[in-house]
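J.: have a look; sequence and predicted model below, questions after that.
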Amino acid sequence: MSVKIRLARKGRKKQAFYHVVVADSRSPRDGRFIEKIGTYNPLTDPATIEINFERALEWLQNGAQPTDTCRAILKYKGVMMKKHLLEGVRKGAFDEAEADRRFNEWLKGKEEKIELKRSGLEKKGEELRKKKLEAEKAIKEARAEELAKRAAALAAEAEAAAKAAEAAEAPEESAAEDAAGEASAQTETEAPAEAETEAPAQTETEAPAAEAQEDTAEKTE
């Protein structure tokens, strides 16, 4: 029988998922298939697989050949295990009840492994989220510290500039005060000198006048 169980690609370019289909092997990749028996989404962790167990088992018993990926999917879901046990029943190795017991035991162990993996992934994801939050918190604190340092540096620069401006204004005020003091002292020095100069001149003028009056009096006598 030229029938294969294969995957049919669906979805977008980077968001692909697959249908598990039964198709004629003589017309590959043309979109034609006989029956859809499940879906496979590899984008989740663990991968999401949904299989019509009874139809997949029936097609395998009828001789359909799965591709490597579909064989792994059917093995993961226990279809290949069930087929193997039914072949043992048909050969008389054990009865159907024993086959069911073995299958249920295998299925229970498989489910426990899947649940353990899922819980481990959830725990790992929680730890990763916690680490991510801690890293983001550390980054925010570092940024806040850097901003505080910059603000402190700007404040220190502003304070230094203000002190420099005050220091520059102080010599100018001192120079202005010194200039005013020198002008005042010069004014006070010039005033007594003028007074002393005027007094001798007046005395000298008055002395010849007195001598002239005395000469006139003598001549009159």
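T.: Now that the structure is in, tell me what you want to look at. Residues are numbered from 1 along each chain as shown.
J.: residue contacts, Val89?
T.: By Cβ atoms under 8 Å, 6 or more residues apart in numbering, the residues touching Val89 are Asp95, Glu96, Ala99. C-beta coordinates here come from the backbone N, C-alpha and C atoms, glycine included.
J.: check which helix or strand it maps to.
T.: helix 79-91 (DSSP states H and E).
J.: check Trp106 too.
T.: Per DSSP H and E: Trp106 is located in helix 96-220.
J.: which one is Lys75 nearest to, not counting chain neighbours?
T.: Spatial nearest neighbour of Lys75, chain neighbours left out: Met81 (7.2 Å); criterion: Cβ to Cβ, 6 or more residues apart in numbering.
J.: export the contacts of Val89 as TSV, with columns for neighbour count, pLDDT and distance to Lys13.
T.: As requested, the contacts of Val89 are exported to TSV (neighbours: other Cβ atoms under 10 Å; pLDDT from 0 to 100; distance: Cβ to Cβ, whole Å):
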residue	neighbour count	pLDDT	distance to Lys13
Asp95	11	89	51
Glu96	12	89	47
Ala99	20	90	44
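J.: can you tell me which of those residues comes closest to Gly38?
T.: Checking the contacts of Val89 against Gly38 by Cβ to Cβ gives Ala99 as the nearest, at 22.8 Å.
J.: list the residues that contact the closest one.
T.: Counting by Cβ under 8 Å, 6+ apart, Ala99 touches Leu85, Leu86, Gly88, Val89.
J.: picking that back up, for the contacts of Val89, which one is nearest Ala144?
T.: Closest approach to Ala144 among the contacts of Val89 (Cβ to Cβ): Ala99, at 66.6 Å.
J.: quick one: that closest one from Ala160, how far?
T.: Ala99 sits 90 Å away from Ala160, going by Cβ to Cβ, to the nearest Å.
J.: touching, the residue nearest to Lys75 and Glu105? I think so.
T.: No. If you go by Cβ atoms under 8 Å, Met81 and Glu105 don't touch, sitting 10.6 Å apart.
J.: ok, these two, which is more surrounded?
T.: More crowded of Met81 and Glu105, by other Cβ atoms under 10 Å: Met81, with 18 against 10.
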